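>>> kindly return the folded structure for what I paste below:
(chains A, B, C and D)
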2 protein chains.
Amino acid sequence: MVKRSEAALDLTFSALADPTRRSILKSLSHGEWRVTDLAEPFAMSLPAVSKHVSVLEKAGLLKRSRLGREHYLKLEAAPMRQAATWIEHYRKFWEGSLDELARYLESNPVSPTSNQKPKKGKKA
Amino acid sequence: MVKRSEAALDLTFSALADPTRRSILKSLSHGEWRVTDLAEPFAMSLPAVSKHVSVLEKAGLLKRSRLGREHYLKLEAAPMRQAATWIEHYRKFWEGSLDELARYLESNPVSPTSNQKPKKGKKA
DNA sequence: CGAACGTTTAACCATATGGTTAACTATTAT
DNA sequence: ATAATAGTTAACCATATGGTTAAACGTTCG
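Down below sits the predicted model:
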């Protein structure tokens, strides 16, 4: 099932990569909105917003409920958790780096001692 | 400076939206790699990987150090923190939703009591 | 009924993305 | 000096993305 979740991450991250769509999610975090309401703050046409909404819907980041001619959109934040978990995995790394930097500064007060060049393949 | 960080989020999320690039970051979390080394696992040309690397570089997710003709790439996970923070903001929401669901189920044992239709503008 | 509303779909356009191969630059090895 | 290695850049291609306007669809209002 690696493939499956990779594809889901693709959808989630690329949905989040657009400022209009992030703004829409922000609106939805304050309640359920109609497409027209969502579109109001933006300087773009309704069909453009409609497309953004459907990108978010396909990524599973919102759910749509039809009520007559009106569509109500509701935030579905759960898929973000997978993305957050993916990113979290790297927190250890950047925190680890700071630790290493601290250790380096402590054990190398003035001049660096080792600066040999790598010869082949991976470094570090 | 809202614009600035919005643009940074665009870059970060769209860099993360590609499985090849996520895989490259994963490799870099095990140390510093050259472009050729990074390319080895993939069924694509070196220029293709080179482009992916430069996308990650522009997003600030890795740093490049030139050592003769070799380029060593190093993970720079810090920008992910901003993305993680953005997503984290929504965790409260989905956890809140689960709370609300629990409360709803508790106070509505069998049949729902309120199902009036909304009239205009925002619902919920 | 017919008009207005809410939304999507269609057709189109410009630009971005992800890949290719070929050519080029720069460095290292023989 | 020549050849091999590491990497980028250029030119190209197909498809995706983000926007537009116009038309269509279904629902509600008068």
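
>>> who in chain A is up against DNA strand C?
By C-beta under 7 Å from any atom of the strand, the residues of chain A that approach DNA strand C are A:34-37, A:46-47, A:50-51, A:53-54, A:64, A:69-72. To be clear about C-beta, it is placed using only N, CA and C from the backbone, and glycine gets the same treatment.

>>> would you mind measuring from residue A:48 to residue A:87?
29 Å (C-beta to C-beta, to the nearest Å).

>>> between the two, who's got more neighbours?
Shown here are residue A:48 and residue A:87; by other C-beta atoms under 10 Å in any protein chain shown, residue A:87 has more neighbours (22 against 13).

>>> check contacts around the more buried one.
B:16, B:80, B:83, B:84, B:87 (C-beta atoms under 8 Å, 6 or more residues apart in numbering or on different chains).

>>> find the nearest non-adjacent residue to it, please.
residue B:84 (4.5 Å; C-beta to C-beta, 6 or more residues apart in numbering or on different chains).

>>> same thing with residue A:45?
Closest to residue A:45 by C-beta to C-beta, 6+ apart is residue A:39, at 7.9 Å.

>>> please apply the same query to residue A:19.
For residue A:19, ignoring the flanking residues on the chain, the nearest one in space by C-beta to C-beta, 6+ apart is residue B:6 at 5.0 Å.

>>> how about the residues of chain A near DNA strand D?
A:14, A:17-18, A:20, A:43-45, A:47-48, A:51-52, A:55, A:67-69.

>>> which element is the residue nearest to residue A:19 on?
Assigning secondary structure by DSSP states H and E places residue B:6 in helix B:2-16.

>>> output that helix as CSV, nothing but the C-alphas.
C-alpha atoms of helix B:2-16 as CSV (Å, rounded to 0.1, in the frame of the first residue of the first chain):
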residue,chain,number,x,y,z
VAL,B,2,2.3,37.7,4.8
LYS,B,3,3.0,37.6,1.1
ARG,B,4,6.5,36.4,1.7
SER,B,5,5.6,33.4,3.8
GLU,B,6,2.7,32.6,1.5
ALA,B,7,5.1,32.3,-1.4
ALA,B,8,7.4,30.2,0.8
LEU,B,9,4.6,27.9,1.6
ASP,B,10,3.8,27.6,-2.1
LEU,B,11,7.3,26.6,-2.8
THR,B,12,7.6,24.1,0.1
PHE,B,13,4.3,22.4,-0.5
SER,B,14,4.7,22.1,-4.3
ALA,B,15,8.2,20.8,-3.8
LEU,B,16,6.8,18.2,-1.5
